[in-house]
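> Take this sequence and fold it.
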Amino acid sequence: MKKTYAFKAITLFIPFLILLIWLGKSLLIQVAYLFPPCAFHQFFDLYCPGCGNTRSVLSILDGHIIRSLRFNIVPFLFLVFAICSYIEMVTFSFGKHRKLLPRKASFYFTIMGILFAYFIVRNFSSYLTP
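The predicted structure is shown next:
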């Protein structure tokens, strides 16, 4: 019975991934022009944590990981966490629970601290500006 859940999860994920890659890029390009400009950037002339997310996702869909990290690191981190969580779910469904993501709060506080430092440094580095 456990194998049927894993099989369903895998069979639902793979078509979704193909659909996301096939339709996602063209839809995201069309919708990106509808987004209003960043109010935080207009008022303070600093990049907010969300600046560059759309270009980062487009770069991930194109397969350019380094360019994606240059625009914004958050979508890439979300993708890594989502893949690790999905692998944990599949291994749990097969009865062999493997933990890929740490369960300690100190790990996540460290990640948040690194992200905070990244969001500050990107305002002073010309290479990290979206």
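> use CA for all of it now, contacts and neighbours both
OK.
> list the buried ones in the helix or strand hosting residue 117?
Taking DSSP states H and E as the definition, one finds residue 117 inside helix 105-121. Within helix 105-121, the residues that qualify as buried are residue 119, counting by 16 or more other CA atoms under 10 Å.
> ditto for stretch 76-84
Those would be 76, 84, for stretch 76-84 by 16+ other CA under 10 Å.
> and for that stretch, what are the contacting residues?
Applying CA atoms under 8 Å, 6 or more residues apart in numbering, the external contacts of stretch 76-84 come out as 56-57, 60, 65, 68-69, 100-101.
> Give me the buried entries from these.
Buried residues within the contacts of stretch 76-84, counting neighbours by 16+ other CA under 10 Å: 56-57, 60, 68-69.
> Could you export those residues as TSV, including pLDDT, secondary structure and distance to residue 95?
Shown next, in TSV, are those (pLDDT from 0 to 100; DSSP: H, G, I helix; E, B strand; the rest coil; distance: CA to CA, whole Å):
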residue	pLDDT	secondary structure	distance to residue 95
56	87	helix	36
57	83	helix	33
60	83	helix	32
68	88	helix	35
69	88	helix	35
